[in-house]
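Asker: Here's my sequence, what's the structure:
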Amino acid sequence: MSVFSFLCQNLKGSFKRKIELLRTEEDNFLRKNKMSPKSKKLFNIIVLGIAFMFMFTAFQTCGNVAQTVITNLNNTNFHGSGYTSMAIIYGVFSASNLISPSVVAVVGPQLSMFVSGLFYSIYIAVFIQPFTWSFYTASVFIGIAAAVLWTAQGNCLTINSDENTIGRNSGIFWALLQSSLFFGNLYIYFAWRGKTHISESDRRTVFIALTVFSLVGTFLFFLIRKPEELNTLEEEVSSTDESIVDNSSVQSKATRAVDAFKSSIKLYFTKEILLLSVTTAYTGLELTFFSGVYGTCIGAVNRFGTEEKSLIGLSGIFIGIGEILGGGFFGLVNKDNRFGRNPVVMLGIVVHFIAFYLIFYNIPNDAPIASFEGTDNSAYMNPSKELAILCSFLLGLGDSCFNTQLLSILGFLYSEDSAPAFAVFKFVQSICAAIAFFYSNYLLLQWQLLIMAVVGFFGTISFFTVEWEAAAFVARGSDYRSI
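Answerer: Numbering: from 1, shown residues only. Reported below is the predicted structural model:
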(Lines give C-alpha, C1' and ligand atoms only; values in the text may rest on other atoms or scores of the structure.)
Protein backbone atom coordinates (compact mmCIF):
# COMPACT_ATOMS: atom_id res chain seq x y z
CA MET A 1 0.00 0.00 0.00
CA SER A 2 2.90 2.34 0.84
CA VAL A 3 4.44 1.64 -2.59
CA PHE A 4 1.13 2.51 -4.23
CA SER A 5 0.93 5.75 -2.23
CA PHE A 6 4.52 6.57 -3.18
CA LEU A 7 3.75 6.04 -6.89
CA CYS A 8 0.58 8.13 -6.67
CA GLN A 9 2.47 10.97 -4.99
CA ASN A 10 5.18 10.84 -7.67
CA LEU A 11 2.62 10.87 -10.47
CA LYS A 12 0.76 13.74 -8.85
CA GLY A 13 4.00 15.66 -8.36
CA SER A 14 5.07 15.04 -11.95
CA PHE A 15 1.70 16.21 -13.26
CA LYS A 16 1.84 19.37 -11.14
CA ARG A 17 5.38 20.14 -12.35
CA LYS A 18 4.29 19.81 -15.97
CA ILE A 19 1.33 22.14 -15.43
CA GLU A 20 3.58 24.63 -13.64
CA LEU A 21 6.09 24.46 -16.53
CA LEU A 22 3.30 25.10 -19.05
CA ARG A 23 2.10 28.06 -17.01
CA THR A 24 5.65 29.43 -16.67
CA GLU A 25 6.14 29.29 -20.43
CA GLU A 26 2.81 31.05 -20.93
CA ASP A 27 3.79 33.72 -18.35
CA ASN A 28 7.08 34.30 -20.21
CA PHE A 29 5.18 34.66 -23.47
CA LEU A 30 2.79 37.18 -21.93
CA ARG A 31 5.65 39.18 -20.35
CA LYS A 32 7.65 39.29 -23.61
CA ASN A 33 4.62 40.62 -25.44
CA LYS A 34 3.87 43.05 -22.57
CA MET A 35 0.17 42.23 -22.36
CA SER A 36 -1.82 44.53 -20.08
CA PRO A 37 -4.24 43.08 -17.48
CA LYS A 38 -7.16 43.86 -19.82
CA SER A 39 -5.39 42.08 -22.70
CA LYS A 40 -4.77 39.05 -20.49
CA LYS A 41 -8.47 38.90 -19.64
CA LEU A 42 -9.37 39.12 -23.31
CA PHE A 43 -6.81 36.37 -24.01
CA ASN A 44 -8.57 34.18 -21.41
CA ILE A 45 -11.96 34.81 -23.03
CA ILE A 46 -10.60 33.86 -26.46
CA VAL A 47 -8.97 30.67 -25.12
CA LEU A 48 -12.21 29.82 -23.31
CA GLY A 49 -14.17 30.29 -26.53
CA ILE A 50 -11.74 28.22 -28.61
CA ALA A 51 -11.75 25.38 -26.07
CA PHE A 52 -15.56 25.31 -26.12
CA MET A 53 -15.49 25.51 -29.91
CA PHE A 54 -13.47 22.27 -30.11
CA MET A 55 -15.56 20.49 -27.48
CA PHE A 56 -18.89 21.49 -28.95
CA THR A 57 -17.79 20.86 -32.52
CA ALA A 58 -17.94 17.30 -31.25
CA PHE A 59 -20.95 17.43 -28.93
CA GLN A 60 -23.35 19.60 -30.97
CA THR A 61 -22.60 17.65 -34.14
CA CYS A 62 -23.18 14.48 -32.13
CA GLY A 63 -26.54 15.77 -30.87
CA ASN A 64 -27.56 16.92 -34.36
CA VAL A 65 -27.05 13.49 -35.95
CA ALA A 66 -27.63 11.17 -32.96
CA GLN A 67 -31.25 10.22 -33.72
CA THR A 68 -30.49 9.73 -37.43
CA VAL A 69 -27.45 7.56 -36.63
CA ILE A 70 -29.42 5.45 -34.15
CA THR A 71 -32.26 4.79 -36.58
CA ASN A 72 -29.63 3.55 -39.06
CA LEU A 73 -27.90 1.18 -36.61
CA ASN A 74 -27.70 -2.34 -37.97
CA ASN A 75 -27.75 -3.82 -34.44
CA THR A 76 -30.79 -5.57 -33.00
CA ASN A 77 -29.24 -5.45 -29.51
CA PHE A 78 -29.31 -1.65 -29.38
CA HIS A 79 -32.62 -0.10 -28.33
CA GLY A 80 -31.61 3.46 -27.47
CA SER A 81 -33.23 6.72 -28.56
CA GLY A 82 -31.38 9.96 -29.27
CA TYR A 83 -34.33 11.98 -27.97
CA THR A 84 -34.46 9.93 -24.76
CA SER A 85 -30.71 10.29 -24.26
CA MET A 86 -30.94 14.06 -24.59
CA ALA A 87 -33.90 14.12 -22.18
CA ILE A 88 -31.78 12.22 -19.62
CA ILE A 89 -28.81 14.55 -20.17
CA TYR A 90 -30.81 17.70 -19.66
CA GLY A 91 -32.84 16.24 -16.80
CA VAL A 92 -29.70 15.28 -14.85
CA PHE A 93 -28.12 18.55 -15.96
CA SER A 94 -30.93 20.54 -14.36
CA ALA A 95 -30.77 18.66 -11.04
CA SER A 96 -26.97 18.84 -10.92
CA ASN A 97 -27.04 22.62 -11.10
CA LEU A 98 -28.01 22.56 -7.43
CA ILE A 99 -24.53 21.31 -6.50
CA SER A 100 -22.41 22.66 -9.36
CA PRO A 101 -21.66 26.05 -7.68
CA SER A 102 -20.29 24.16 -4.68
CA VAL A 103 -18.06 22.04 -6.92
CA VAL A 104 -16.72 25.09 -8.75
CA ALA A 105 -16.18 26.93 -5.44
CA VAL A 106 -14.06 24.07 -4.09
CA VAL A 107 -12.24 22.84 -7.20
CA GLY A 108 -12.02 26.09 -9.17
CA PRO A 109 -13.33 26.85 -12.68
CA GLN A 110 -10.30 25.61 -14.62
CA LEU A 111 -10.10 22.08 -13.20
CA SER A 112 -13.92 21.86 -13.18
CA MET A 113 -14.03 22.50 -16.93
CA PHE A 114 -11.20 20.05 -17.62
CA VAL A 115 -12.79 17.10 -15.79
CA SER A 116 -16.19 17.89 -17.32
CA GLY A 117 -14.60 17.89 -20.77
CA LEU A 118 -13.32 14.35 -20.22
CA PHE A 119 -16.90 13.16 -19.60
CA TYR A 120 -18.07 14.88 -22.80
CA SER A 121 -15.39 12.96 -24.69
CA ILE A 122 -16.50 9.66 -23.13
CA TYR A 123 -20.11 10.25 -24.18
CA ILE A 124 -19.12 10.92 -27.80
CA ALA A 125 -16.82 7.88 -27.83
CA VAL A 126 -19.79 5.65 -26.87
CA PHE A 127 -21.15 6.07 -30.42
CA ILE A 128 -18.07 4.34 -31.88
CA GLN A 129 -19.50 1.04 -30.63
CA PRO A 130 -22.83 1.80 -28.94
CA PHE A 131 -24.57 -0.40 -26.38
CA THR A 132 -27.84 0.57 -24.75
CA TRP A 133 -26.47 0.41 -21.18
CA SER A 134 -23.32 2.44 -21.95
CA PHE A 135 -25.29 4.96 -24.01
CA TYR A 136 -27.72 5.80 -21.19
CA THR A 137 -25.07 5.58 -18.45
CA ALA A 138 -22.89 8.07 -20.31
CA SER A 139 -25.97 10.28 -20.69
CA VAL A 140 -26.30 10.46 -16.89
CA PHE A 141 -22.62 11.32 -16.34
CA ILE A 142 -22.50 13.96 -19.05
CA GLY A 143 -25.56 15.59 -17.47
CA ILE A 144 -23.62 16.03 -14.22
CA ALA A 145 -20.51 17.19 -16.11
CA ALA A 146 -22.51 19.71 -18.13
CA ALA A 147 -23.81 21.42 -14.99
CA VAL A 148 -20.29 21.83 -13.62
CA LEU A 149 -18.90 22.88 -17.03
CA TRP A 150 -21.40 25.68 -17.65
CA THR A 151 -21.30 26.99 -14.09
CA ALA A 152 -17.50 27.16 -14.32
CA GLN A 153 -17.76 28.82 -17.75
CA GLY A 154 -20.05 31.52 -16.40
CA ASN A 155 -17.71 32.09 -13.48
CA CYS A 156 -14.66 32.29 -15.78
CA LEU A 157 -16.46 34.69 -18.14
CA THR A 158 -17.46 36.99 -15.28
CA ILE A 159 -14.10 37.17 -13.46
CA ASN A 160 -12.46 38.08 -16.78
CA SER A 161 -14.97 40.86 -17.47
CA ASP A 162 -16.28 44.07 -15.96
CA GLU A 163 -19.49 46.03 -16.50
CA ASN A 164 -17.97 47.66 -19.60
CA THR A 165 -16.67 44.47 -21.24
CA ILE A 166 -19.21 41.82 -20.23
CA GLY A 167 -21.36 42.43 -23.32
CA ARG A 168 -18.37 42.33 -25.68
CA ASN A 169 -16.90 39.24 -24.02
CA SER A 170 -20.26 37.43 -24.07
CA GLY A 171 -20.48 38.07 -27.81
CA ILE A 172 -16.91 36.91 -28.47
CA PHE A 173 -17.40 33.74 -26.44
CA TRP A 174 -20.74 32.98 -28.10
CA ALA A 175 -19.38 33.49 -31.62
CA LEU A 176 -16.41 31.18 -30.95
CA LEU A 177 -18.61 28.58 -29.25
CA GLN A 178 -21.11 28.47 -32.09
CA SER A 179 -18.36 28.17 -34.69
CA SER A 180 -18.53 24.55 -33.60
CA LEU A 181 -21.78 24.13 -35.50
CA PHE A 182 -20.02 25.13 -38.71
CA PHE A 183 -17.00 22.82 -38.65
CA GLY A 184 -18.62 19.59 -37.45
CA ASN A 185 -21.64 19.84 -39.70
CA LEU A 186 -19.52 20.79 -42.71
CA TYR A 187 -17.81 17.42 -42.34
CA ILE A 188 -21.18 15.66 -41.99
CA TYR A 189 -22.46 17.36 -45.14
CA PHE A 190 -19.60 16.16 -47.35
CA ALA A 191 -19.16 12.74 -45.69
CA TRP A 192 -22.83 11.81 -45.96
CA ARG A 193 -23.67 13.52 -49.23
CA GLY A 194 -25.81 11.32 -51.45
CA LYS A 195 -26.25 8.62 -48.78
CA THR A 196 -29.64 7.32 -47.69
CA HIS A 197 -28.16 4.92 -45.09
CA ILE A 198 -25.39 5.50 -42.52
CA SER A 199 -23.07 2.47 -42.46
CA GLU A 200 -21.07 1.21 -39.48
CA SER A 201 -17.84 2.44 -41.09
CA ASP A 202 -19.33 5.92 -41.66
CA ARG A 203 -20.46 6.10 -38.04
CA ARG A 204 -17.12 5.02 -36.56
CA THR A 205 -15.08 7.39 -38.71
CA VAL A 206 -17.22 10.36 -37.71
CA PHE A 207 -17.27 9.65 -33.98
CA ILE A 208 -13.56 8.85 -33.68
CA ALA A 209 -12.84 12.25 -35.23
CA LEU A 210 -15.36 13.97 -32.94
CA THR A 211 -13.85 12.33 -29.83
CA VAL A 212 -10.39 13.65 -30.76
CA PHE A 213 -11.82 17.16 -31.25
CA SER A 214 -13.46 17.02 -27.82
CA LEU A 215 -10.20 15.99 -26.13
CA VAL A 216 -8.25 18.80 -27.81
CA GLY A 217 -10.73 21.35 -26.44
CA THR A 218 -10.58 19.77 -22.99
CA PHE A 219 -6.80 20.20 -22.68
CA LEU A 220 -6.95 23.80 -23.91
CA PHE A 221 -8.53 24.78 -20.57
CA PHE A 222 -5.06 24.58 -19.00
CA LEU A 223 -4.05 27.70 -20.95
CA ILE A 224 -6.55 29.86 -19.03
CA ARG A 225 -4.88 31.92 -16.31
CA LYS A 226 -6.30 33.66 -13.26
CA PRO A 227 -6.72 37.44 -13.71
CA GLU A 228 -3.85 39.52 -12.35
CA GLU A 229 -5.78 40.97 -9.43
CA LEU A 230 -6.78 37.49 -8.24
CA ASN A 231 -3.18 36.29 -8.42
CA THR A 232 -2.02 39.34 -6.42
CA LEU A 233 -4.62 38.72 -3.74
CA GLU A 234 -3.67 35.06 -3.44
CA GLU A 235 0.04 35.93 -3.19
CA GLU A 236 -0.68 38.37 -0.36
CA VAL A 237 -2.66 35.78 1.56
CA SER A 238 0.01 33.14 0.95
CA SER A 239 2.94 35.32 2.03
CA THR A 240 1.31 36.70 5.20
CA ASP A 241 -0.46 33.71 6.65
CA GLU A 242 0.55 30.56 4.78
CA SER A 243 0.47 28.23 7.80
CA ILE A 244 -3.05 29.26 8.84
CA VAL A 245 -4.33 28.74 5.30
CA ASP A 246 -2.78 25.29 5.13
CA ASN A 247 -4.27 24.19 8.45
CA SER A 248 -7.77 25.39 7.64
CA SER A 249 -7.90 24.57 3.91
CA VAL A 250 -10.37 21.71 4.32
CA GLN A 251 -12.65 23.80 6.50
CA SER A 252 -12.36 26.74 4.08
CA LYS A 253 -13.33 24.59 1.09
CA ALA A 254 -16.30 23.14 2.96
CA THR A 255 -17.42 26.64 3.92
CA ARG A 256 -17.16 27.85 0.30
CA ALA A 257 -19.17 24.87 -0.90
CA VAL A 258 -21.95 25.45 1.65
CA ASP A 259 -22.02 29.20 0.94
CA ALA A 260 -22.27 28.59 -2.81
CA PHE A 261 -25.16 26.16 -2.28
CA LYS A 262 -27.00 28.61 0.00
CA SER A 263 -26.49 31.42 -2.52
CA SER A 264 -27.99 29.29 -5.30
CA ILE A 265 -31.08 28.40 -3.27
CA LYS A 266 -31.56 32.01 -2.17
CA LEU A 267 -31.16 33.24 -5.73
CA TYR A 268 -33.89 30.93 -7.10
CA PHE A 269 -36.60 32.95 -5.38
CA THR A 270 -35.60 36.50 -6.32
CA LYS A 271 -37.78 38.54 -8.63
CA GLU A 272 -35.03 39.03 -11.21
CA ILE A 273 -34.31 35.33 -11.59
CA LEU A 274 -38.00 34.35 -11.64
CA LEU A 275 -38.58 36.78 -14.50
CA LEU A 276 -35.45 35.76 -16.38
CA SER A 277 -36.43 32.12 -15.88
CA VAL A 278 -39.26 32.56 -18.41
CA THR A 279 -36.75 33.81 -20.99
CA THR A 280 -34.33 31.05 -20.06
CA ALA A 281 -37.10 28.45 -20.38
CA TYR A 282 -37.66 29.58 -23.95
CA THR A 283 -33.96 29.18 -24.79
CA GLY A 284 -34.17 25.61 -23.47
CA LEU A 285 -37.15 24.77 -25.70
CA GLU A 286 -35.64 26.27 -28.84
CA LEU A 287 -32.25 24.72 -28.04
CA THR A 288 -33.91 21.31 -28.19
CA PHE A 289 -35.64 22.21 -31.42
CA PHE A 290 -32.68 23.50 -33.43
CA SER A 291 -30.08 21.09 -31.98
CA GLY A 292 -32.00 17.83 -32.15
CA VAL A 293 -35.48 18.05 -33.66
CA TYR A 294 -35.12 20.24 -36.75
CA GLY A 295 -32.22 18.26 -38.23
CA THR A 296 -34.20 15.05 -37.71
CA CYS A 297 -37.20 16.65 -39.46
CA ILE A 298 -35.10 17.55 -42.50
CA GLY A 299 -33.57 14.06 -42.63
CA ALA A 300 -37.05 12.49 -42.57
CA VAL A 301 -38.48 14.36 -45.59
CA ASN A 302 -38.27 11.90 -48.48
CA ARG A 303 -39.22 14.61 -50.98
CA PHE A 304 -35.73 16.09 -50.50
CA GLY A 305 -34.39 13.05 -52.39
CA THR A 306 -30.96 11.50 -51.88
CA GLU A 307 -29.67 14.68 -50.23
CA GLU A 308 -31.92 14.38 -47.17
CA LYS A 309 -29.17 13.00 -44.89
CA SER A 310 -26.44 15.43 -46.00
CA LEU A 311 -28.92 18.29 -45.57
CA ILE A 312 -28.77 17.61 -41.82
CA GLY A 313 -25.14 18.72 -41.91
CA LEU A 314 -25.92 21.70 -44.13
CA SER A 315 -28.70 22.74 -41.75
CA GLY A 316 -26.24 22.63 -38.84
CA ILE A 317 -23.76 24.74 -40.82
CA PHE A 318 -26.31 27.50 -41.41
CA ILE A 319 -27.47 27.40 -37.79
CA GLY A 320 -23.81 27.93 -36.92
CA ILE A 321 -23.47 30.81 -39.40
CA GLY A 322 -26.46 32.50 -37.81
CA GLU A 323 -25.00 31.98 -34.33
CA ILE A 324 -21.54 33.27 -35.33
CA LEU A 325 -22.82 36.38 -37.12
CA GLY A 326 -25.20 37.16 -34.27
CA GLY A 327 -22.63 36.61 -31.52
CA GLY A 328 -19.93 38.60 -33.31
CA PHE A 329 -22.20 41.49 -34.28
CA PHE A 330 -23.90 41.81 -30.90
CA GLY A 331 -20.53 41.63 -29.18
CA LEU A 332 -19.45 44.70 -31.18
CA VAL A 333 -22.77 46.47 -30.62
CA ASN A 334 -22.43 45.94 -26.86
CA LYS A 335 -19.31 48.15 -26.83
CA ASP A 336 -21.82 50.99 -27.04
CA ASN A 337 -24.49 50.01 -24.57
CA ARG A 338 -26.69 53.11 -24.83
CA PHE A 339 -29.47 51.16 -26.55
CA GLY A 340 -29.46 48.41 -23.92
CA ARG A 341 -30.19 44.73 -24.50
CA ASN A 342 -33.90 44.92 -25.31
CA PRO A 343 -33.58 45.73 -29.06
CA VAL A 344 -31.41 42.63 -29.56
CA VAL A 345 -33.92 40.39 -27.76
CA MET A 346 -36.77 41.94 -29.77
CA LEU A 347 -34.88 41.14 -32.98
CA GLY A 348 -34.41 37.56 -31.75
CA ILE A 349 -38.10 36.88 -31.13
CA VAL A 350 -39.14 38.44 -34.47
CA VAL A 351 -36.58 36.34 -36.35
CA HIS A 352 -37.76 33.19 -34.57
CA PHE A 353 -41.44 33.87 -35.24
CA ILE A 354 -40.63 34.22 -38.96
CA ALA A 355 -38.66 30.94 -38.84
CA PHE A 356 -41.49 29.10 -37.04
CA TYR A 357 -44.03 30.22 -39.64
CA LEU A 358 -41.83 29.19 -42.58
CA ILE A 359 -41.05 25.79 -40.98
CA PHE A 360 -44.77 25.19 -40.36
CA TYR A 361 -45.43 26.04 -44.01
CA ASN A 362 -42.55 23.94 -45.42
CA ILE A 363 -41.99 20.82 -43.27
CA PRO A 364 -44.53 17.96 -42.95
CA ASN A 365 -46.29 17.77 -39.59
CA ASP A 366 -45.23 14.18 -38.86
CA ALA A 367 -41.51 14.74 -39.63
CA PRO A 368 -40.31 14.82 -35.96
CA ILE A 369 -41.81 11.39 -35.23
CA ALA A 370 -41.38 9.72 -38.62
CA SER A 371 -40.13 6.14 -38.80
CA PHE A 372 -36.88 4.90 -40.35
CA GLU A 373 -38.50 5.10 -43.81
CA GLY A 374 -39.16 8.84 -43.38
CA THR A 375 -42.31 10.65 -44.53
CA ASP A 376 -43.73 11.22 -47.99
CA ASN A 377 -46.22 13.83 -46.75
CA SER A 378 -45.99 17.53 -47.49
CA ALA A 379 -47.10 20.60 -45.54
CA TYR A 380 -48.70 23.60 -47.27
CA MET A 381 -46.18 23.59 -50.13
CA ASN A 382 -43.81 21.16 -51.76
CA PRO A 383 -40.87 20.92 -49.32
CA SER A 384 -38.12 23.34 -50.35
CA LYS A 385 -34.50 22.61 -49.45
CA GLU A 386 -33.57 26.27 -49.83
CA LEU A 387 -36.34 27.41 -47.49
CA ALA A 388 -35.40 24.71 -44.95
CA ILE A 389 -31.79 25.94 -44.89
CA LEU A 390 -32.89 29.59 -44.62
CA CYS A 391 -34.90 28.62 -41.53
CA SER A 392 -31.77 27.00 -40.07
CA PHE A 393 -29.95 30.32 -40.40
CA LEU A 394 -32.86 32.19 -38.78
CA LEU A 395 -32.98 29.72 -35.87
CA GLY A 396 -29.27 30.26 -35.20
CA LEU A 397 -29.47 34.05 -35.49
CA GLY A 398 -32.44 34.26 -33.12
CA ASP A 399 -30.80 31.94 -30.60
CA SER A 400 -27.66 34.10 -30.51
CA CYS A 401 -29.83 37.17 -29.78
CA PHE A 402 -31.30 35.58 -26.65
CA ASN A 403 -28.22 33.81 -25.31
CA THR A 404 -25.72 36.64 -25.70
CA GLN A 405 -28.06 39.03 -23.91
CA LEU A 406 -28.84 36.55 -21.12
CA LEU A 407 -25.11 35.97 -20.53
CA SER A 408 -24.57 39.72 -20.56
CA ILE A 409 -27.36 40.61 -18.13
CA LEU A 410 -26.44 37.83 -15.68
CA GLY A 411 -22.79 38.89 -15.66
CA PHE A 412 -23.92 42.49 -15.17
CA LEU A 413 -26.40 41.83 -12.34
CA TYR A 414 -24.30 39.28 -10.43
CA SER A 415 -20.72 40.31 -11.14
CA GLU A 416 -19.70 39.79 -7.50
CA ASP A 417 -20.99 36.20 -7.22
CA SER A 418 -21.60 34.84 -10.68
CA ALA A 419 -21.43 31.05 -10.21
CA PRO A 420 -24.84 30.66 -8.47
CA ALA A 421 -26.50 32.93 -11.06
CA PHE A 422 -25.19 30.92 -14.01
CA ALA A 423 -26.11 27.67 -12.24
CA VAL A 424 -29.72 28.85 -11.91
CA PHE A 425 -29.70 29.92 -15.57
CA LYS A 426 -28.53 26.50 -16.70
CA PHE A 427 -30.90 24.73 -14.28
CA VAL A 428 -33.96 26.32 -15.86
CA GLN A 429 -32.64 26.02 -19.41
CA SER A 430 -31.70 22.37 -19.08
CA ILE A 431 -34.90 21.22 -17.38
CA CYS A 432 -36.95 22.84 -20.16
CA ALA A 433 -34.68 21.26 -22.78
CA ALA A 434 -35.24 17.87 -21.11
CA ILE A 435 -39.02 18.36 -21.20
CA ALA A 436 -38.83 19.36 -24.86
CA PHE A 437 -36.73 16.33 -25.81
CA PHE A 438 -39.27 14.14 -24.02
CA TYR A 439 -42.33 15.51 -25.81
CA SER A 440 -40.44 15.54 -29.14
CA ASN A 441 -40.96 11.76 -29.20
CA TYR A 442 -44.73 12.23 -29.36
CA LEU A 443 -45.87 15.71 -30.51
CA LEU A 444 -46.45 16.72 -34.11
CA LEU A 445 -44.44 19.62 -35.48
CA GLN A 446 -47.27 22.18 -35.26
CA TRP A 447 -47.68 21.70 -31.50
CA GLN A 448 -43.94 21.97 -30.86
CA LEU A 449 -43.83 25.25 -32.80
CA LEU A 450 -46.89 26.58 -30.93
CA ILE A 451 -45.35 25.85 -27.52
CA MET A 452 -42.16 27.71 -28.46
CA ALA A 453 -44.10 30.70 -29.83
CA VAL A 454 -46.16 31.14 -26.64
CA VAL A 455 -43.23 30.73 -24.23
CA GLY A 456 -41.04 32.96 -26.42
CA PHE A 457 -43.58 35.78 -26.33
CA PHE A 458 -43.82 35.80 -22.53
CA GLY A 459 -40.05 35.29 -22.20
CA THR A 460 -39.41 38.44 -24.21
CA ILE A 461 -41.75 40.49 -22.00
CA SER A 462 -40.03 39.12 -18.88
CA PHE A 463 -36.58 40.05 -20.18
CA PHE A 464 -37.73 43.59 -20.96
CA THR A 465 -38.94 44.01 -17.38
CA VAL A 466 -35.59 42.99 -15.86
CA GLU A 467 -33.55 45.06 -18.31
CA TRP A 468 -35.53 48.23 -17.51
CA GLU A 469 -34.66 47.78 -13.81
CA ALA A 470 -31.11 46.40 -14.19
CA ALA A 471 -29.16 49.60 -13.62
CA ALA A 472 -31.10 50.44 -10.45
CA PHE A 473 -30.59 46.89 -9.16
CA VAL A 474 -26.80 47.06 -9.57
CA ALA A 475 -26.69 50.55 -8.02
CA ARG A 476 -28.31 49.16 -4.85
CA GLY A 477 -25.96 46.17 -4.80
CA SER A 478 -26.77 42.60 -5.93
CA ASP A 479 -27.60 41.19 -2.52
CA TYR A 480 -30.27 38.87 -3.92
CA ARG A 481 -33.16 41.12 -2.99
CA SER A 482 -35.99 41.59 -5.44
CA ILE A 483 -36.12 44.68 -7.66
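Asker: gap between the lengthiest helix in the chain and the chain center?
Answerer: Taking residue count as the measure and DSSP state H as the definition, the longest helix of the chain comes out as helix 37-71. The chain centre lies 8 Å from the centre of helix 37-71; the measure is Cα atoms, centre = their mean, to the nearest Å.
Asker: Identify each buried residue in that helix, please.
Answerer: For helix 37-71, a neighbour-count test (16 or more other Cβ atoms under 10 Å) marks 40-71 as buried. C-beta here means a position set from N, CA and C on the backbone, and glycine is covered the same way.
Asker: The helix or strand hosting residue 158 packs against which elements?
Answerer: Assignment of secondary structure by DSSP states H and E places residue 158 within helix 132-159. Contacting helix 132-159 under the criterion 3 or more Cβ pairs under 8 Å, 6 or more residues apart in numbering; DSSP states H and E are the following elements: helix 37-71, helix 82-96, helix 100-107, helix 109-126, helix 166-191, helix 385-413, helix 418-439.
Asker: ok, now how distant is residue 121 from residue 314?
Answerer: Taking Cβ to Cβ, to the nearest Å as the measure, residue 121 and residue 314 are separated by 26 Å.
Asker: follow-up on the earlier one: average pLDDT for the longest helix of the chain?
Answerer: Helix 37-71 shows a mean pLDDT of 84.
Asker: likewise stretch 101-116?
Answerer: The predicted model assigns stretch 101-116 a mean pLDDT of 89.
Asker: For it, buried residues please.
Answerer: By neighbour count, and taking 16+ other Cβ under 10 Å as the criterion, the buried residues in stretch 101-116 are 101-107, 109-116.
Asker: With stretch 274-289 instead?
Answerer: Going by neighbour count (16+ other Cβ under 10 Å), the buried part of stretch 274-289 is 275-289.
Asker: Next, count neighbours for the nearest residue to residue 329 once chain neighbours are set aside.
Answerer: Leaving out its chain neighbours, the residue that sits closest to residue 329 by Cβ to Cβ, 6 or more residues apart in numbering is residue 171, at 7.6 Å. Here the number of neighbours of residue 171 (other Cβ atoms under 10 Å) works out to 26.
Asker: Over to residue 265?
Answerer: Summarising burial for residue 265: neighbours were counted as other Cβ under 10 Å, giving 12.
Asker: What pLDDT is listed against it?
Answerer: Residue 265 carries a pLDDT score of 72 in this model.
Asker: Check the one 4 residues further on too.
Answerer: On the pLDDT scale, residue 269 is placed at 74.
Asker: what phi and what psi does the backbone show at it?
Answerer: Per-residue torsions, residue 269: phi -110, psi 20 (degrees, to the nearest 10).
Asker: Next one: it relative to residue 431, how far apart?
Answerer: Summarising the geometry, the distance separating residue 269 from residue 431, computed by Cβ to Cβ, is 16 Å.
Asker: of the two, who's got more company?
Answerer: residue 431 (19 against 10).
Asker: Burial check on the residue nearest to that one when sequence neighbours are not counted, number of neighbours?
Answerer: Leaving aside its sequence neighbours, residue 431 sits nearest to residue 94 (Cβ to Cβ, 6+ apart; 3.5 Å). Other residues within reach of residue 94 by the criterion other Cβ under 10 Å amount to 23.
Asker: cool, and residue 467?
Answerer: Neighbours of residue 467 under the rule other Cβ under 10 Å: 19.
Asker: burial measure for residue 343, as a count.
Answerer: Under the neighbour criterion other Cβ under 10 Å, residue 343 is assigned a count of 13.
Asker: With residue 442 instead?
Answerer: 11.
Asker: That one - that's part of a helix, no?
Answerer: No. When DSSP: H, G, I helix; E, B strand; the rest coil is applied, residue 442 is found to be coil, with no helix at that position.
Asker: ok, it - contacts?
Answerer: Residue 442 makes contacts with residue 369, as judged by Cβ atoms under 8 Å, 6 or more residues apart in numbering.
Asker: any idea how far residue 436 is from it?
Answerer: Counting by Cβ to Cβ, the gap from residue 442 to residue 436 is 11 Å.
Asker: So which bits of the host helix or strand of residue 330 are buried?
Answerer: Here residue 330, judged by DSSP H and E, is contained in helix 310-333. Burial within helix 310-333, assessed by neighbour count using 16+ other Cβ under 10 Å, is assigned to 310-331, 333.
Asker: Residue 377: what secondary structure?
Answerer: When the structure is reduced to helix, strand and coil (three-state DSSP), residue 377 reads as coil.
Asker: That one touches residue 365, doesn't it?
Answerer: Yes. Distance between residue 377 and residue 365: 7.2 Å, which falls inside the contact criterion (Cβ atoms under 8 Å).
Asker: report the angle between the axes of the helix holding residue 330 and helix 385-413?
Answerer: Here the directions of helix 310-333 and helix 385-413 differ by 40 degrees (axes from the mean of the first three to the mean of the last three Cα atoms, to 10 degrees).
Asker: Since that was my last question, I'll sign off now.
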